[in-house]
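Trainee: Give me a model of this one.
(one chain, ligands or ions: 1)
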Amino acid sequence: MRVDLSDMESAVLKPISSMAAGGQAVLANTPCAGCKFLRRKCQQDCIFKPYFPPDQPQKFVNVHRVFGASNVSKILNELSPFEREAAVNSLFFEAEMRLRDPVKGCVGVISFLQRKLRQLQIDLFTAQSELVKYQSQLQQKQQQHQKMMMMRGYAAEMVGSFGRPSLAVGDDHQHNTLGAIS
Ligand SMILES: [Zn+2]
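Mentor: Presented below is the predicted three-dimensional model:
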């Protein structure tokens, strides 16, 4: 199954943002989404209460459908309170992925991202070798240009330093030849 990245991002971000807002918005007397769904009295020390606010019933429904309420409560009870929120986010994400892709679940998303990462690494490598190619071409051209400029400069210098004497030589030569003829 093909998973859209934007869908996935929203799935990742949604539980985290809603969690932060939801945890504090719970009213003292309103039963949490878990207890409401299970039709039981929500106690003051209810394990679900801080993580499954009543305004997000679907969150509990999804986690319950995939993991089962008693397993979730067992997992949360075994963890220290500061680890629970991350665990619930994780369970919710895994549940959503599992419902979307019953065969692969999270693994489908992970392998999709790994494939994408590999492709990007290949693209990056290709771009880098193209860049190296162009850079060496540019360097070659610059070297050629420099060589040409140096040769031009050398030629100009030659003309500058030997221009007059060569004329004199020419004159002598001319005299000599003239002398030889006459
Ligand atoms: Zn409750």
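Trainee: Where does pLDDT dip in this structure?
Mentor: 1-28, 162-182 (pLDDT under 70).
Trainee: and it, which residues reach the ion?
Mentor: 32, 35, 42, 46, 48, 49 (Cβ under 5 Å from the ion). (C-beta placed from N, C-alpha, C; glycine too.)
Trainee: same thing but 8 Å
Mentor: With the criterion set to Cβ under 8 Å from the ion, the chain comes near the ion through 31-36, 40, 42-43, 46-49, 52.
Trainee: ok, these vs residue 155, which is closest?
Mentor: If you rank the residues of the chain next to the ion by distance to residue 155 using Cβ to Cβ, residue 52 comes first, at 86.6 Å.
Trainee: what about that closest one, distance to residue 39?
Mentor: Distance of residue 52 to residue 39, given as Cβ to Cβ, to the nearest Å: 14 Å.
Trainee: Neighbour count for these two, which is higher?
Mentor: residue 52 (29 against 7; other Cβ atoms under 10 Å).
Trainee: I'd say the more buried one and residue 31 touch.
Mentor: No: Residue 52 lies out of contact with residue 31 (Cβ atoms under 8 Å); the separation is 10.0 Å.
Trainee: domains in the protein, as residue ranges please.
Mentor: As given by automatic domain parsing, the domain ranges for the chain are 5-103, 110-160.
Trainee: Give me the phi and psi for residue 38.
Mentor: phi -80, psi 0 (degrees, to the nearest 10).
Trainee: check contacts around it.
Mentor: residue 69 (Cβ atoms under 8 Å, 6 or more residues apart in numbering).
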